[in-house]
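A.B. asks: Provided below for reference: sequence and predicted model.
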Amino acid sequence: MRLLNASGCLDALAAPEVARTLDVFVTKTVTPLSREGNAPVRIAETEVGMLNAIGLANPGVEAFVADHLPRLAELGVPLWVSVGGFAVEDYVAVAEELDRHEIEALELNLSCPNVDEVPENVGEVVAAVREVTAKPLYAKLSAAVADLAATARAAEAAGADGLSLVNTVRGLALDERTLLPVLARGAGGLSGPALRPVALAAVYTCFRETRLPLVGMGGVATGRHALELLAAGATDVAVGTALFADPGAAARIRSELEAESAALGFVNVDNAVGAAHADGPATLDQRSRVLAEKALHFGLNKAG
Amino acid sequence: MLRREPRSVLSAEAVGPYTLLRVDRGTIEPGEPGQFFMLEAPRRVLPRPMSLCLAPRGELAFLIDSIGPGTRALCALEAGDRIGILGPLGNGFRLDVERPLLVGGGIGIAPLPYLSERLGGPPAVVGFRSAWHAEAAVLVPNAEVVIEPTYVTEAIPAGHDVLACGPEPMLEAVRRLAPHAQLAWEAPMACGYGACYGCVVELEGRLERLCVKGPVLAAA
């Protein structure tokens, strides 16, 4: 199990020590041209999460490669670069440039709700990018698509190496005094606690519908949330919004996860992957009991 | 090390319509005047950015205006409650000025008490919308107080190095009067440490993160 940040939720160059608590750093989405993003106000809090309408602010691929990438390489943390755009050609252009550099994987942002144009269908983008790079490709999907299972299968068929689940979903917040939208742009992407059941369902579905490794994310703030995503079928977990309130969230979640999984009888965290897909409650209890007994036999009744 | 630290509330006392929240400092550094902290807001998803108001020994104090769910929750804290504190963050005021004059408006006076202490109690001009709000002026040493319809810009003498904090229209007006003033801006923030890209303000024609470039900015 590796812990990542959700794209857009950390600037490794502004907070390198936070980036170093992660197993992988995922960059903010890079587009062909530089973007300032949307006019402020572009964040809002809700009772159950937050909204962002940042709008893919980024220096553009040329400046990213020239200025950011060399400094990111110095951090010593494996790097995934999020790739975005508004047409297939955009994704291809960015991926082609990034293919030349020391990057562990590319995460295709196919699901950002904060920009006016919508990328063409997922399968088409994945297939086109597949042609220009041999690097591992993760397709980041939104749970808000009409048919997530079909979208996931299309990404797999087109050559994706994994899926990142989930991106934000569209939401709105109103100012308490004026009743006008808080965000200048109106709606934005909802992240945080409200996404947890949504992320679980998406991971659960894609675990059954594809054979791809999954990065699960959506409101993860504790080890228990991470454990549930693993149980639903994620191999890795990403933390986003929780990092805003608590820059130490990743380290804390990692140790909480180890304790939670050990308490349920898993000898190691990775053994929990897919546990939600056991045939039924009795089977799961039995599996846990067997594992717990084995752990005792081998004197492994504590995590690590 | 960027770490949110749990701390105990010492008190939350009314100062005019505002609340002075005092927290046990522990090993947290107070930082420089104009820097801020992210305060965990009870039962809310995100913390709230607050300038450091005062740094008495063993304490950190924040002056808070109760304007929304987060600040309401902070103002309702009681002695013994625990909240997470992250900071100091951002860039504070430059203190190497020859003739400092502090200018504050409303809740914008929040960073001025600590700033005043570090500068040895320079002259200050503070403005408020009512006498009740102006009760907070007691926190700023050596302050001339004006109350609307009189504005601070009518009371700023020339020839000083201005350090200001207050509502945007006040900062804009101060900048016109004192082009080299140091101005402490504010913006909605989710993280306070450059991660979310939410707190951008326009700086020389570009959108820049206020928590990274500011919150204190010298006028161009």
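C.D. replies: Great, that's in hand.
A.B. asks: measure B:Val201 to chain A for me?
C.D. replies: For B:Val201, the distance to chain A equals 7 Å [CB to the nearest CB, to the nearest Å]. Where you see a C-beta, it was placed from the backbone N, CA and C, and this is true even at glycine.
A.B. asks: neighbours of the nearest residue to that residue once chain neighbours are set aside, just the number please.
C.D. replies: Among residues not flanking B:Val201 along the chain, B:Leu210 sits closest, at 5.0 Å (CB to CB, 6 or more residues apart in numbering or on different chains). Per other CB atoms under 10 Å in any protein chain shown, the neighbour tally for B:Leu210 reads 27.
A.B. asks: and B:Leu210, what does it touch?
C.D. replies: B:90, B:185-187, B:189, B:199-201 (CB atoms under 8 Å, 6 or more residues apart in numbering or on different chains).
A.B. asks: can you add distance to A:Arg153, pLDDT and secondary structure and give those back as a markdown table?
C.D. replies: Below are the contacts of B:Leu210 laid out as a markdown table (distance: CB to CB, whole Å; pLDDT from 0 to 100; DSSP: H, G, I helix; E, B strand; the rest coil):
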| residue | distance to A:Arg153 | pLDDT | secondary structure |
| --- | --- | --- | --- |
| B:Gly90 | 47 | 98 | coil |
| B:Trp185 | 49 | 97 | coil |
| B:Glu186 | 48 | 96 | coil |
| B:Ala187 | 43 | 97 | coil |
| B:Met189 | 40 | 98 | coil |
| B:Cys199 | 40 | 98 | coil |
| B:Val200 | 39 | 97 | strand |
| B:Val201 | 44 | 95 | strand |
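A.B. asks: would you mind listing what in chain A touches chain B?
C.D. replies: Applying CB under 8 Å from any CB of the partner chain, we find that chain A lies next to chain B at A:8-11, A:14-15, A:17-18, A:28, A:36-37, A:39-50, A:52, A:54, A:57, A:176, A:192-193, A:241, A:243-248.
A.B. asks: same thing but 6 Å
C.D. replies: A:10-11, A:14-15, A:17-18, A:36, A:40-43, A:45, A:49-50, A:54, A:57, A:192, A:244-248 (CB under 6 Å from any CB of the partner chain).
A.B. asks: and these, which of them are in strands?
C.D. replies: Per DSSP state E, strands hold the following members of the residues of chain A next to chain B: A:43, A:45, A:49-50.
A.B. asks: which of these sits closest to chain B?
C.D. replies: The shortest approach to chain B among those belongs to A:Ile43, at 3.3 Å (CB to the nearest CB).
A.B. asks: thought that closest one was touching A:Asn52?
C.D. replies: Yes: counting by CB atoms under 6 Å, A:Ile43 touches A:Asn52, with 5.3 Å between them.
A.B. asks: count of residues packed around the closest residue to B:Met1 other than its chain neighbours?
C.D. replies: In space, and not counting its chain neighbours, B:Met1 is closest to A:Glu17: 6.2 Å by CB to CB, 6+ apart. A:Glu17 has 13 neighbours, counted by other CB under 10 Å.
A.B. asks: next, the residue nearest to A:Val83 when sequence neighbours are not counted: phi, psi?
C.D. replies: Leaving aside its sequence neighbours, A:Val83 sits nearest to A:Val94 (CB to CB, 6+ apart; 4.8 Å). Dihedral pair for A:Val94: phi -70, psi -40, per degrees, to the nearest 10.
A.B. asks: wait, doesn't A:Val94 sit right on A:Ser82?
C.D. replies: No: using CB under 6 Å, A:Val94 is not in contact with A:Ser82; the gap is 9.6 Å.
A.B. asks: between these two, who's got more neighbours?
C.D. replies: A:Val94 (27 against 24).
A.B. asks: how close does that one sit to A:Ala154?
C.D. replies: Using CB to CB, to the nearest Å, we find A:Val94 at a distance of 21 Å from A:Ala154.
A.B. asks: contact partners for B:Glu13?
C.D. replies: B:Leu20 (CB atoms under 6 Å, 6 or more residues apart in numbering or on different chains).
A.B. asks: and it, bridged to which residues?
C.D. replies: B:Leu20 (DSSP bridges).
A.B. asks: what residues does chain B put near chain A?
C.D. replies: B:2-4, B:45-47, B:188, B:190-191, B:193-198, B:200, B:207, B:212.
A.B. asks: are any of these buried, and which?
C.D. replies: For the residues of chain B next to chain A, a burial check counting by 16 or more other CB atoms under 10 Å in any protein chain shown picks out B:2, B:4, B:45-47, B:188, B:190-191, B:193-198, B:200, B:207, B:212.
A.B. asks: find the nearest non-adjacent residue to residue 192, please.
C.D. replies: Looking at chain A here, since you left the chain open. Per CB to CB, 6+ apart, closest to A:Gly192 is A:Gly49, 2.9 Å.
A.B. asks: chain B is the one I meant
C.D. replies: Going by CB to CB, 6+ apart, B:Gly192 has B:Met38 as its nearest residue, at 4.1 Å.
A.B. asks: sheet partners, orientation included, of the helix or strand where that neighbour lies?
C.D. replies: Element membership for B:Met38 (DSSP states H and E) is strand B:36-39. Paired neighbours of strand B:36-39 in the sheet (DSSP bridges): strand B:48-51 (antiparallel), strand B:82-89 (antiparallel).
A.B. asks: can I get the helix ranked longest in chain B as CSV, trimmed to CA atoms?
C.D. replies: Using DSSP state H, we find that the single longest helix of chain B is helix B:168-177. Output in CSV follows, covering the C-alpha atoms of helix B:168-177 (Å, rounded to 0.1, in the frame of the first residue of the first chain):
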residue,chain,number,x,y,z
GLU,B,168,-9.5,46.2,1.2
PRO,B,169,-10.9,49.7,0.5
MET,B,170,-8.9,51.0,3.4
LEU,B,171,-5.7,49.4,2.2
GLU,B,172,-6.3,50.7,-1.3
ALA,B,173,-6.8,54.2,0.1
VAL,B,174,-3.7,54.0,2.3
ARG,B,175,-1.7,52.8,-0.7
ARG,B,176,-2.7,56.0,-2.6
LEU,B,177,-1.6,58.1,0.3
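A.B. asks: quick check: buried residues in it?
C.D. replies: B:170-171, B:173-175.
A.B. asks: give me the neighbour count for the residue lying closest to B:Leu101 once chain neighbours are set aside.
C.D. replies: Closest residue to B:Leu101 apart from its sequence neighbours, by CB to CB, 6+ apart: B:His160 at 3.6 Å. Counted with other CB under 10 Å, the neighbours of B:His160 add up to 19.
A.B. asks: where does the chain dip in pLDDT?
C.D. replies: Looking at chain A here, since you left the chain open. A:112-120, A:279-304 (pLDDT under 70).
A.B. asks: not quite, go with chain B.
C.D. replies: Ranges of chain B meeting pLDDT under 70: B:219-220.
A.B. asks: quick one: residues contacting the residue nearest to A:Gly192.
C.D. replies: A:190-194, B:45.
A.B. asks: with distance to A:Gly123 added, can I get those in CSV?
C.D. replies: As requested, the contacts of A:Gly49 are exported to CSV (distance: CB to CB, whole Å):
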residue, distance to A:Gly123
A:Leu190, 26
A:Ser191, 26
A:Gly192, 30
A:Pro193, 32
A:Ala194, 29
B:Val45, 35
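A.B. asks: identify the farthest-apart pair in those residues.
C.D. replies: Greatest spatial distance among the contacts of A:Gly49 (CB to CB): A:Leu190 and B:Val45, at 10.9 Å.
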